[in-house]
Structure formats: structure tokens, C-alpha cells
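Asker: Structure for this input, please:
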Amino acid sequence: MAAAPTSSLTPEQISRFRADGFLSIGALTTAEEVAQIREIYDRLFEMRAGWDEGMYHDLAGTEEEGTTEQIPQIMKPALRKYAPELFETELLANAVNIGRQILGDDCLCEVQHAILKPGGGPETPWHQDAAYMGGGSVLRTFSFWVPLQPVTVENGCMQFVRGSHQRDVFEHRSMNDNPRIHALELTPEEMGNVIDPVACPLPAGGAALHDSYTLHYAGPNQTDGGRRALILKAQIEPVPTGKTRIFPWMEAWDTAGMKREKASDT
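Answerer: I've put the predicted structure just below:
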């Protein structure tokens, strides 16, 4: 049975989110549920859930034989056979409730992906989530980035550029300009748009909300322990612009995970 929501935003928080493009909240669920989700999360990564289907992949590496995973990621863990119990969490119920506050009653919310940044793991470069989603429409989407342990600048908390969601998608490329890497980054020419970034430390079970157009970044994990994050996405139908925009960085992708996903569909 799905849990009932226990959390909502104030009108002031909603206004701040719309103005800034991001918002930190101290608790999206309870400490008890964080512990339960963390057990599920660790099990999924231990079993490398979704590897054969390309849903488990290295966000920041090429997955060449003999290399160490940089930032492993599992896509849509609740929508597949791996952890459907995530559908029944208070975390998801609260995300749905807040999503409807911001986007309206038609808002849908899903557990989008899980990212594990190991101790010593690299930075996640500056980017916009919209750069992963293709052009031709105005997206009406935002994410909840939920840490399963306290996060600080030292272990790679989220950082944002205030007001950057008011811009269109900037030019991106694959991380390190290598199309075999899934992660995207701003091109060097666009890095001048990273102005006065705001770091958002959080307790376990808190959340950093950010619009799909908001520039964001997570620094390297300079600690010995892994930094666990679960990302939920809230969305309503995009608005077509009537114009076609092709993202060359998406056309250039040639990752091992995408090849496994394609092979599993045949």
C-alpha cells in the first residue's frame, strides 16, 4: 500500500523555488525510512542491478575492461524488477505531493535513478538535466536529489547557479569530450555562465529540488565513504515549441551502457 504524504512546501518556499530554480528542504522522509531505503540501495548496487539491460552503468567512465568504476548509476530502479517497494515509500508520496504543489494536479513522479559516488570519486561536471532530454519542447520537470547520508562540500553535495533555469539549454558535450562517457558537461565556452554557485549541504533524507534547466554540479567525494543519492523526477507534459533542435552531444553518444540497452531490446 502506498504511503500517505506527510510533507509539503510553504508558499514562501514555492516562490523561492520558482525564482531561484532550486530549493533545499531539511527532510523529505523519516530517519527510519532512510535506513530502509539505504538497505535497498546498497543491495541494488551490490548486485549491479540492471547491468545486462544497460540500466546500470558508469556515469563518468568508459567501462573498459580493467578500469575502476568512477560513478556507478542505476536508472529507474523502481520501475523494473529490482526494487518495486520504492513505490510504497513516504519519500515518493511526499515527492508527489510537492510535485503537485509546484506543477499542478497532473504531475507524475518517479524514482528516476540512483547515483553512488565512491570515496575518492570524481566531480559531476556542471550541466543541466534538460541537456539529456532532447530539444523541441519546453520541459516542465524538476528533480528531488535525496542523500542517504549527510552531504557536505567535502563529500560532494549539490551546487547550483541561482536563476539559471530562466535560460534555454546551454551547449554541452560528453564529459572530458569523450562520447563513450555518459555524463554531460558544459562546453568550456559556456563555463562563464557558472556565476556565484550556491552549495547545498543536507542531512540524510533531506532534498535539493532543482528545475531541469538549472545549472548544477556535485564536487568530488573527498572522504573514504560512499556518497549515496536517490533522485526522483516530477513532471507534466512538455510544451512543444514548434521548432526542432538537435543536441549534437546526444547524437554523438557511444557508450557501453547504451549498447547493452539496445542489445537487450532486440
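Asker: make it CA atoms for all contacts and neighbour counts henceforth
Answerer: Noted.
Asker: which residues in this protein form helices?
Answerer: 11-20, 31-46, 90-103, 248-252, 256-265 (DSSP state H).
Asker: quick one: L184 and P125 touch, right?
Answerer: Yes: with contact defined as Cα atoms under 8 Å, L184 counts as touching P125 (7.1 Å).
Asker: ok, of the helices of the chain, where does mean pLDDT dip lowest?
Answerer: Among the helices of the chain, helix 256-265 carries the lowest mean pLDDT, at a mean of 92.
Asker: Okay, buried residues for that helix please.
Answerer: A256, G257, M258, R260, E261 (16 or more other Cα atoms under 10 Å).
Asker: Please tell me how far the last one sits from H57.
Answerer: Taken as Cα to Cα, to the nearest Å, the spacing of E261 relative to H57 amounts to 10 Å.
Asker: before we move on, what about the second one?
Answerer: With the distance defined as Cα to Cα, G257 ends up 5 Å from H57.
Asker: And the fourth one, by the same measure?
Answerer: In this structure, R260 and H57 are 10 Å apart, going by Cα to Cα.
Asker: Please identify every residue contacting each of the two.
Answerer: Common contacts of R260 and H57 (Cα atoms under 8 Å, 6 or more residues apart in numbering): W51.
Asker: For the nearest residue to G135 once chain neighbours are set aside, give me its contacts.
Answerer: Nearest residue to G135, sequence neighbours excluded (Cα to Cα, 6 or more residues apart in numbering): R245, at 4.8 Å. Counting by Cα under 8 Å, 6+ apart, R245 touches G134, G135, G136.
Asker: Check those residues for burial and list the buried ones.
Answerer: Among these, the ones that count as buried (16+ other Cα under 10 Å) are G134, G135.
Asker: Can I get the contacts of R245 in TSV including distance to A78?
Answerer: What follows is the contacts of R245, written out as TSV (distance: Cα to Cα, whole Å):
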residue	distance to A78
G134	24
G135	27
G136	28
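Asker: what's the closest of the contacts of R245 to S212?
Answerer: Nearest to S212, judged by Cα to Cα, of these is G134 at 11.8 Å.
Asker: Do a quick rundown of the strands in the stretch 1-150 of the chain.
Answerer: Along the stretch 1-150 of the chain, counting by DSSP state E, counting those that start in this stretch, strands occupy 22-25, 56-58, 72-75, 108-117, 124-127, 137-147.
Asker: most packed of those?
Answerer: strand 56-58 (a mean of 26; mean count of other Cα atoms under 10 Å).
Asker: Give me the distance between I236 and L139.
Answerer: Applying Cα to Cα, the value for I236 to L139 is 8 Å.
Asker: Repeat that for E110.
Answerer: Taking Cα to Cα, one finds E110 at 16 Å from L139.
Asker: Same check on A35?
Answerer: A35 is 33 Å from L139, where distance means Cα to Cα.
Asker: same thing with V239?
Answerer: Counting by Cα to Cα - V239 and L139 are separated by 7 Å.
Asker: Show residues contacting the helix or strand bottoming out on mean pLDDT in the chain.
Answerer: One helix or strand of the chain scores below all others by mean pLDDT, DSSP states H and E: helix 256-265, with a mean of 92. Helix 256-265 is touched from outside by W51, D52, E53, G54, M55, Y56, H57, D58, T62, E63, R180, with contacts defined as Cα under 8 Å, 6+ apart.
Asker: Ok, stretch 96-107 next?
Answerer: P5, S7, S8, L9, I14, L108, C109, R140, A234, Q235, I236.
Asker: With stretch 139-146 instead?
Answerer: Applying Cα under 8 Å, 6+ apart, the set of residues contacting stretch 139-146 is 95, 103, 130, 204-212, 229-239.
Asker: Return the distance of it from the chain's centre.
Answerer: 8 Å (Cα atoms, centre = their mean, to the nearest Å).
Asker: do the same with stretch 155-172
Answerer: 12 Å.
Asker: shared neighbours, G257 and H57?
Answerer: Residues touching both G257 and H57 (Cα under 8 Å, 6+ apart): W51.
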